[in-house]
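Visitor: Build me a structure from this.
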Amino acid sequence: MVSRPPREMPAEGSTITFDTVPDVTQVADLFAVAIAMEREAAERYDALATDMEAQGETDLAALFRRLEQAEREHENGIGAWAGRAGIAPSRTLSFQWDSPEAPSREDIAQAGGARMSPWKALAIAVRNEERAFAAYTQIAAKTNDPTVQSYAERMAREELEHVAMLRLERRRAWRGEYSATMAALPAAGPPEASDAAELAAYVQAVETETAGRLTCKAQLAEDAQEPAVAGLFQDMAEDVARRAGISAPPPPQHAAPGSGLDLIRDEELRLSRLYDAYMRLIETTRDEAVLRGAQEETAVVIARLARLRDTHAFLRRQKDL
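Guide: Model prediction:
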């Protein structure tokens, strides 16, 4: 195993991410990193809340405002903590989320709130708080300075408290969104697999339904003289059918007609809901085989979403020309 070279603290004004957290050797450096992490989280929640307010998504905007306030309080708390200890952060840094699930402002604006349900927002917040916990844990494990280790471990515990609080809120949000989730999921409903065989049967049912729906959307796009969208859906339908071991093309299943963008947005919504359902299964199952299977299906869904979003972005650019 090749060990990576130490990551030195970046220069004043530099930007770091969860994947590039430096190797902290001084207490002042630790506080510089911590304040940057909390400030960026607050700023991102503020931006998301502003976008949701502009779109009239008042409940989701209020959720982001609460998350923003919590992050600002934590940032101020860390600053006050450093002051009481007589510590001045070594430099001013910027921080960015680098989680693939973290939404950009453009993503939120284009989605019109459709993909960013309260449960989804909280799921993103939980994953990023978990990464913050991991970052502090990593700093504590690698430092040779007992003071840095003690502070980093305390910061990690505080992040873990945030995770626990957000996970509770996320469970409440899931119960509130259950009916809407059911409506956007395949006919098989949400996965409730107790073992690998049940999960495999669910996946087979979902993939068969998906292949038929995509075939129908390909035909609708072709009828609307949108060959790029028709080709995308036909290619995806064939990929799904091959993965499901369907020898003959499945019969087309109903899909509401619309423009190419409408058809893509509908599929994005369905895949986003399916992603949420698999994540719920990952979090609740105690069966290792089900866990691994659900993780694999989540990766498949993310890859399909990426294809749809790439085409979505391309069509929007063409429309704006």
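
Visitor: Send over stretch 44-52 as PDB, restricted to the C-alpha atoms.
Guide: Output of stretch 44-52 as PDB, limited to C-alpha atoms (Å, rounded to 0.1, in the frame of the first residue of the first chain):
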ATOM      1  CA  ARG A  44     -24.900  27.200   1.200                       C
ATOM      2  CA  TYR A  45     -28.000  26.700   3.300                       C
ATOM      3  CA  ASP A  46     -28.700  30.500   2.900                       C
ATOM      4  CA  ALA A  47     -28.400  30.300  -0.900                       C
ATOM      5  CA  LEU A  48     -30.700  27.300  -1.000                       C
ATOM      6  CA  ALA A  49     -33.200  28.900   1.200                       C
ATOM      7  CA  THR A  50     -33.200  32.100  -0.900                       C
ATOM      8  CA  ASP A  51     -33.800  30.000  -4.100                       C
ATOM      9  CA  MET A  52     -36.700  28.100  -2.500                       C
END
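
Visitor: Poorly predicted segments of the stretch 1-150 of the chain, please.
Guide: Along the stretch 1-150 of the chain, segments meeting pLDDT under 70 span 1-23, 88-117.

Visitor: What are the boundaries of the helices in it?
Guide: 27-54, 58-84, 105-111, 118-142, 146-184 (DSSP state H, counting those that start in this stretch).

Visitor: okay if I get those helices as JSON lines plus mean neighbour count and distance to residue 315?
Guide: Yep, even glycine has a C-beta here, placed from its N, CA and C like the rest. Listed next are the helices of the stretch 1-150 of the chain as JSON lines, based on neighbours: other C-beta atoms under 10 Å; distance: least, C-beta to C-beta, whole Å:
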{"stretch": "helix 27-54", "mean neighbour count": "21", "distance to residue 315": "21"}
{"stretch": "helix 58-84", "mean neighbour count": "17", "distance to residue 315": "26"}
{"stretch": "helix 105-111", "mean neighbour count": "16", "distance to residue 315": "11"}
{"stretch": "helix 118-142", "mean neighbour count": "21", "distance to residue 315": "23"}
{"stretch": "helix 146-184", "mean neighbour count": "16", "distance to residue 315": "22"}
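
Visitor: Dump those helices to TSV, plus distance to residue 242.
Guide: Shown next, in TSV, are the helices of the stretch 1-150 of the chain (distance: least, C-beta to C-beta, whole Å):
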stretch	distance to residue 242
helix 27-54	38
helix 58-84	38
helix 105-111	30
helix 118-142	30
helix 146-184	25
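
Visitor: So which of those is nearest residue 317?
Guide: Proximity to residue 317, assessed across these by C-beta to C-beta, is greatest for helix 105-111 (11.5 Å).

Visitor: if you average pLDDT over stretch 245-259, what comes out?
Guide: Mean per-residue pLDDT for stretch 245-259: 67.

Visitor: sec struct for residue 306, please.
Guide: helix (DSSP: H, G, I helix; E, B strand; the rest coil).

Visitor: Out of the helices of the stretch 1-150 of the chain, flag the one nearest residue 299.
Guide: helix 118-142 (14.9 Å).

Visitor: Just the angle for that closest one relative to helix 58-84, thanks.
Guide: Interaxial angle, helix 118-142 versus helix 58-84 (axes from the mean of the first three to the mean of the last three C-alpha atoms, to 10 degrees): 20 degrees.

Visitor: Now find how far off-centre helix 118-142 is within its chain.
Guide: Relative to its parent chain, helix 118-142 has a centroid offset of 12 Å by C-alpha atoms, centre = their mean, to the nearest Å.

Visitor: Can you give me the distance of the residue lying closest to residue 132 once chain neighbours are set aside to residue 30?
Guide: Once flanking residues are discounted, residue 132 sits nearest to residue 159: 4.7 Å by C-beta to C-beta, 6 or more residues apart in numbering. In this view, residue 159 and residue 30 are 13 Å apart by C-beta to C-beta, to the nearest Å.

Visitor: Thank you, goodbye.
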